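Participant: sequence first, then the predicted structure:
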Amino acid sequence: MKILLVNGSPHEHGCTYTALREIGLAAEGEGLETEVFWIGSKAVNGCVACRGCRDGHCVFGAEDGVNALIDAINASDGVVFGTPVHFAGPAGNLHSMLDRVFYAKRSFAGKPGAAIASCRRSGGTATFDVLNKYFTISSMPIVSSQYWNVVHGNSPEEVRRDEEGMQTMRTLGRNMAWLIKCIAAGKAAGVEFPPREAKFAFTNFIR
Ligand SMILES: Cc1cc2nc3c(=O)[nH]c(=O)nc-3n(C[C@H](O)[C@H](O)[C@H](O)COP(=O)(O)O)c2cc1C
């Protein structure tokens, strides 16, 4: 059972990574595997709305890691999206990537998800809200913690000094490990995630 920790920061080992590792260590303490997926710092295009998505992948996604991220999420039992706060929202590259991941794949139904944000001062909960929207349109159970999932700091050292933020990360890691185990136990007992209705309603507000 594996949790994918997506580092959406341009810094491979910065504040966001520091928070994600705290989640990872707590989950590993509960017997789960974790893997960090760093999206890198190269430019990522937003979705160009070509509607050329094929087999749950983006037609341009082999070039910039979008399809690798889809495959890594598919291979995981739970996923955490981590981002630095950039102007009170997620970092642009991560935002662009997730638009394309979720437009192409549409759904990771039943897979637990959680979002975390790292900020120097403010904008953490607004950013957290944006990332949670990907889960709530995708039938993904959201894993919560003892507070909204935000750490504060401008350097890894400052993040480590955010005692409450780091505890919130550890609680999140343990809570996600627990839910993943519950889902596995449910499956073993014959409890499957409910299938989608055969006809998927897609009505625009003009009708
Ligand atoms: C372009 C940019 C915009 C930022 N905007 C905010 C902001 O709105 N609020 C805030 O508290 N910090 C802001 N910051 C600071 C980062 O969110 C903060 O340093 C974060 O912890 C860095 O995480 P990282 O090391 O994983 O990149 C911004 C930083 C950059 C580079």
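Facilitator: Cool, the structure landed.
Participant: switch to C-alpha atoms for all contacts and neighbour counts from now on
Facilitator: OK.
Participant: can you pull the buried residues of the lowest-mean-pLDDT helix or strand in the chain?
Facilitator: When each helix and strand of the chain is scored by mean pLDDT, DSSP states H and E, helix 61-64 comes last, with a mean of 94. Using 16 or more other Cα atoms under 10 Å as the test for burial, helix 61-64 gives Gly61, Asp64.
Participant: list the contacts of His34.
Facilitator: Just so we're on the same page, residue 34 is Thr rather than His. Counting by Cα atoms under 8 Å, 6 or more residues apart in numbering, Thr34 touches Lys2, Ile3, Leu4, Leu5, Gly24, Ala27, Glu28.
Participant: over to Gly78: give its phi and psi.
Facilitator: Per-residue torsions, Gly78: phi -160, psi 150 (degrees, to the nearest 10).
Participant: sorry, back to before: just checking, what packs against the least confident helix or strand of the chain?
Facilitator: helix 66-74 (3 or more Cα pairs under 8 Å, 6 or more residues apart in numbering; DSSP states H and E).
Participant: then the helix it packs on to CSV, C-alphas only?
Facilitator: Output of helix 66-74 as CSV, limited to C-alpha atoms (Å, rounded to 0.1, in the frame of the first residue of the first chain):
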residue,chain,number,x,y,z
VAL,A,66,1.6,15.0,-16.9
ASN,A,67,1.2,11.4,-18.0
ALA,A,68,3.9,10.2,-15.6
LEU,A,69,1.9,11.9,-12.8
ILE,A,70,-1.3,10.2,-14.0
ASP,A,71,0.5,6.8,-14.0
ALA,A,72,2.0,7.4,-10.6
ILE,A,73,-1.4,8.4,-9.1
ASN,A,74,-3.0,5.3,-10.7
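Participant: doesn't Ala115 fall inside a helix?
Facilitator: No - judged by DSSP: H, G, I helix; E, B strand; the rest coil, Ala115 forms no part of a helix; its state is strand.
Participant: before we move on, back to that, contacts for the least confident helix or strand of the chain, please.
Facilitator: Contacts for helix 61-64 (Cα under 8 Å, 6+ apart): Val44, Asn67, Ala68.
Participant: would you turn the residues you listed into a markdown table with pLDDT and neighbour count?
Facilitator: Below are the contacts of helix 61-64 laid out as a markdown table (pLDDT from 0 to 100; neighbours: other Cα atoms under 10 Å):
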| residue | pLDDT | neighbour count |
| --- | --- | --- |
| Val44 | 97 | 19 |
| Asn67 | 97 | 22 |
| Ala68 | 97 | 17 |
